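Asker: Show me the folded form of this:
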Amino acid sequence: MADRNNDTLFIKQLLSSISANLHVAQLARVTSLSADKTRCDVQPLAHNLNGGKRAMLLNVVVGRCARQYISVGSVVVVGFLDRSLESWDGTGADYDIGSSRMHDLNDAVIWEVIT
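Answerer: As a prediction, the model looks like this:
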C-alpha cells in the first residue's frame, strides 16, 4: 500500500510541477509602450507565492485591436504562445520554429486591454 501512495504522491507532484511551468495567460500592467504601440513592457499583477513581484515581461507584442486602447498603466491580458516567436518577422508570413520552447514567458502577446 505504501508503494501505491508513493506513486500517487509522485504523480500529483509531477502534475503540479508541469502546471507551474506551463504559461497560458496572466494579468499585467503596462509600464512602457513603444511610440507605434506595437510593443510594450509589462509588470505581472499576481505576486509569487513568497509575496514578491514577478519578473517584468519585456518587448511584448501588442495585438492590433489592443493598440486602440492600450496606454501606460493599462491592465492587460498577456497570453503565451504555444511555440517560439523568435523567428517570426512580425508579418503574416510563415516562419520556421527557432527553438523547441513552448508556452514560454518570452513568447508573450497582449490579447486584451482590461482597464
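Asker: As a check, name the ranges of all helices in the protein.
Answerer: Remark: helices assigned in the chain by DSSP state H are 2-21.
Asker: partner strands of the longest strand anywhere in it, parallel or antiparallel?
Answerer: Longest among the strand segments of the chain by residue count, using DSSP state E, is strand 25-33. When sheet partners are counted by DSSP bridges, strand 25-33 sits next to strand 39-44 (antiparallel), strand 75-80 (antiparallel).
Asker: buried stuff in the last one?
Answerer: Taking 16 or more other C-beta atoms under 10 Å as the neighbour-count basis, strand 75-80 is seen to contain the buried residues 76-80. Bear in mind the C-beta positions are built from the backbone N, C-alpha and C, glycine included.
Asker: List of residues touching that strand?
Answerer: Outside strand 75-80, the residues within contact range by C-beta atoms under 8 Å, 6 or more residues apart in numbering are 23-30, 42, 44-45, 57, 60, 66, 70, 103-105, 107-115.
Asker: To Ser19, which of the strands paired with strand 25-33 lies closest?
Answerer: Judged by C-beta to C-beta, the one of these that comes nearest to Ser19 is strand 75-80, at 13.6 Å.
Asker: distance between the closest one and the chain's centre?
Answerer: Offset of strand 75-80 from its chain centre (C-alpha atoms, centre = their mean, to the nearest Å): 7 Å.
Asker: Which neighbouring elements make contact with the helix or strand of the chain with the lowest mean pLDDT?
Answerer: Least confident element among the helices and strands of the chain, by mean pLDDT, DSSP states H and E: helix 2-21 (a mean of 85). Using 3 or more C-beta pairs under 8 Å, 6 or more residues apart in numbering; DSSP states H and E, no helix or strand is in contact with helix 2-21.
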